[in-house]
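Engineer: no sequence on this one, just coordinates:
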DNA sequence: GAACTATACGGAGGGTTCCTCCGCTTATGC
DNA sequence: GCATAAGCGGAGGAACCCTCCGTATAGTTC
């Protein structure tokens, strides 16, 4: 409200996130690494204080970087999701569209299962992009887009039901992840659903 | 190891559970009622101390009756499960076997969804009887038996895939419960799976 | 109905986790 | 080098988990 000079606008878009200071970036990485381990070991309820301890960082630092447990989980999974997305991109080149779709869903399944219980609550949240704001990061949307494309190809080929949509598929896979335990069953069920 | 007289064996089978004292039975009921409310309100992680408080009972009493959270959840759900089982029994008289199966699965679905998040972890545990010991209470086994019968009838009628088995069905329903949110979707998916 | 005892009750207490708040430290730009 | 914005750490209050044990009482026996 005083006559302070307004900060000069850069020519870039108003850079939503100012770059992290070097030490902050380092701590963030340590936290992510520790979180990955803890979450895989103890599920999504792993102790945040233990994560901070393992990262050799104060608990306050953890909360500054990831104000909620969900945000931390989300960050940990983004890597995985991105890798599945990348696989999907490759599979779009695959000649057999149905096979590509199957492979991709299995990859998604495996990936999500690797995160055990985490899958249930978090992955579903991550995938249901529409329920988030418009400014939501695009990792999950991209993944869903790839899934939709793969499905569309299989439908064009005539090997997937025309009335299925990609949301159904994603939901079904998530469902299987959260409800089944052993690998054989999971695969068998997945195959059955594709028909 | 001393010369104490051994207690006289009754003629009944060794009565695994001695009858509860009157006050104990009363407190047990209060705890179950309070737990039902709390679990539906806050999910399976509801505070046990709050449940005890609402039941106007000491926390020690809660733990004496239900040494673990799972046992309390299980007790709360047994009622529901038994009611679904009863419905299944009725539906066995239904002439249209496919319709009966559909109705029953929807009932199971609705029932399980009513318990929101609880469904995921606990109901699945409850339904996967085989993984428990042989002395497991029969409520869940009965329910699964009814489900299997309904499925068998539909298969005999030719309206259900012969390669499906009842475990698949139960798993799928559980999966849907834990992965879907809104009712329309759920019903649509369920219908799709039946074909 | 009094006395006795197995059964059940309550809640204090020690340990853990969650999350916030704020005084101190340090990286970065000048 | 210095100023300061950005970041750090951990003490602290609140909630929760679960155990333990001294006290109370229902049920039984005479």
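Structural biologist: Yep, that arrived. For clarity, every value in this text was computed on a predicted model and none was experimentally measured.
Engineer: what about residue A:94, which SS state?
Structural biologist: coil (DSSP: H, G, I helix; E, B strand; the rest coil).
Engineer: let me fix that: residue A:163
Structural biologist: Three-state call for residue A:163 (three-state DSSP): coil.
Engineer: and chain A, which residues reach DNA strand C?
Structural biologist: Proximity of chain A to DNA strand C (CB under 7 Å from any atom of the strand) is limited to residues A:21-23, A:45, A:47-50, A:59-60, A:63, A:67-69. Using the backbone N, CA and C atoms, a C-beta is placed for each residue, glycine as well.
Engineer: those, buried ones only, as a PyMOL selection?
Structural biologist: Only the buried entries of the residues of chain A next to DNA strand C go into this PyMOL selection, using 16 or more other CB atoms under 10 Å in any protein chain shown:
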select buried, chain A and resi 48+50+69
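Engineer: can you list the residues of chain A next to DNA strand C in CSV and add distance to DNA strand D?
Structural biologist: Putting these into CSV (distance: CB to the nearest atom of the strand, whole Å) gives the following:
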residue, distance to DNA strand D
A:21, 4
A:22, 9
A:23, 5
A:45, 11
A:47, 12
A:48, 11
A:49, 8
A:50, 13
A:59, 5
A:60, 2
A:63, 7
A:67, 12
A:68, 15
A:69, 15
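Engineer: now for the residues of chain A next to DNA strand C: which two are most distant?
Structural biologist: A:22 and A:45 (32.2 Å; CB to CB).
Engineer: once you drop chain neighbours, what's closest to residue A:49?
Structural biologist: Nearest non-adjacent residue to residue A:49, counting by CB to CB, 6 or more residues apart in numbering or on different chains: residue A:59, 5.5 Å away.
Engineer: residues in contact with the one you found?
Structural biologist: A:48-49, A:52 (CB atoms under 8 Å, 6 or more residues apart in numbering or on different chains).
Engineer: what's the pLDDT at it?
Structural biologist: Residue A:59 carries a pLDDT value of 97.
Engineer: for stretch A:62-80, which positions count as buried?
Structural biologist: Neighbour-count burial for stretch A:62-80 [16+ other CB under 10 Å]: A:62, A:65-66, A:69, A:72-77, A:80.
Engineer: point out where chain A drops to low pLDDT.
Structural biologist: Low-confidence segments of chain A (pLDDT under 70): A:1-18, A:110-140, A:167-195.
Engineer: now the helices for it?
Structural biologist: Taking DSSP state H as the criterion, chain A carries its helices at A:22-42, A:48-54, A:59-65, A:69-91, A:97-114, A:118, A:124-127, A:139-157, A:166-179, A:183-194.
Engineer: what is the first one packed up against?
Structural biologist: So that's helix A:22-42. helix A:48-54, helix A:59-65, helix A:69-91 (3 or more CB pairs under 8 Å, 6 or more residues apart in numbering or on different chains; DSSP states H and E).
Engineer: which residues of chain A lie near DNA strand D?
Structural biologist: Within chain A, the residues that sit near DNA strand D (CB under 7 Å from any atom of the strand) are A:18, A:20-21, A:23-24, A:26-27, A:56-61, A:63-65.
Engineer: how about those, which pair is most distant?
Structural biologist: The largest separation in those, counting by CB to CB, is between A:18 and A:56 at 25.3 Å.
Engineer: more crowded one of those two?
Structural biologist: residue A:56 (11 against 6; other CB atoms under 10 Å in any protein chain shown).
Engineer: tell me the contacts of the spatially closest residue to the more buried one that is not a sequence neighbour?
Structural biologist: Of all residues beyond its chain neighbours, the one nearest residue A:56 is residue A:30 (6.9 Å), with distances taken as CB to CB, 6+ apart. By CB under 8 Å, 6+ apart, the contact list for residue A:30 reads A:55-57.
Engineer: nearest to DNA strand D, of those residues?
Structural biologist: Comparing the contacts of residue A:30 against DNA strand D with CB to the nearest atom of the strand places residue A:57 closest, at 4.0 Å.
Engineer: wait, the closest one touches residue A:32, no?
Structural biologist: No - with contact defined as CB atoms under 8 Å, residue A:57 does not reach residue A:32; the gap is 11.1 Å.
Engineer: one step back: distance of the residue nearest to residue A:56 relative to chain B?
Structural biologist: 29 Å (CB to the nearest CB, to the nearest Å).
Engineer: closest to residue B:153 out of the contacts of residue A:30?
Structural biologist: For those, the nearest to residue B:153 is residue A:55 (57.4 Å; CB to CB).
Engineer: surely that closest one touches residue A:27?
Structural biologist: Yes - here residue A:55 reaches residue A:27: they are 7.2 Å apart, a contact under CB under 8 Å.
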